[in-house]
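Trainee: have a look; sequence and predicted model below, questions after that.
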Amino acid sequence: MSRFERLNDQVLTAHQNGDRATLVDIYQMLGQEELAANNITSACFLLTQAYVYALESGDVRATEIHKILKSHEREE
């Protein structure tokens, strides 16, 4: 199984189980990887997903993710 398939399965399972923490984990990890590769648009898309799930679940990582999005002018 490829990394993509494994992560896709994890995302689908997290959605089915309402596991927002796992969704934040995955989207934040992928967003950080995209930032490291200087793929800013893709990174901010993924980080926005992480941010939404963090906000919905009251996850403390929302603050950190918000700062990253703000630094790339994707958030006020």
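Mentor: Looks like it arrived, so ask away. Every value quoted in this text rests on a predicted model; they were computed, and no experiment measured them. Residues are numbered from 1 along each chain as shown.
Trainee: now do the phi/psi pair for residue 60.
Mentor: phi -60, psi -20 (degrees, to the nearest 10).
Trainee: report the contact partners of the closest residue to residue 23 other than its chain neighbours.
Mentor: Spatial nearest neighbour of residue 23, excluding adjacent residues (C-beta to C-beta, 6 or more residues apart in numbering): residue 53 at 4.3 Å. Backbone N, C-alpha and C define where each C-beta goes, glycine included. Going by C-beta atoms under 8 Å, 6 or more residues apart in numbering, residue 53 touches 20, 23-24, 27, 59.
Trainee: wait, which of the residues you listed is closest to residue 73?
Mentor: Nearest to residue 73 out of these is residue 27 (C-beta to C-beta; 19.3 Å).
Trainee: list the contacts of the helix or strand harbouring that closest one.
Mentor: Per DSSP states H and E: residue 27 is located in helix 20-36. Here helix 20-36 makes contact (C-beta under 8 Å, 6+ apart) with 7, 10-11, 13-15, 40, 42-47, 49-50, 53-54, 56-57, 59, 61, 65, 68.
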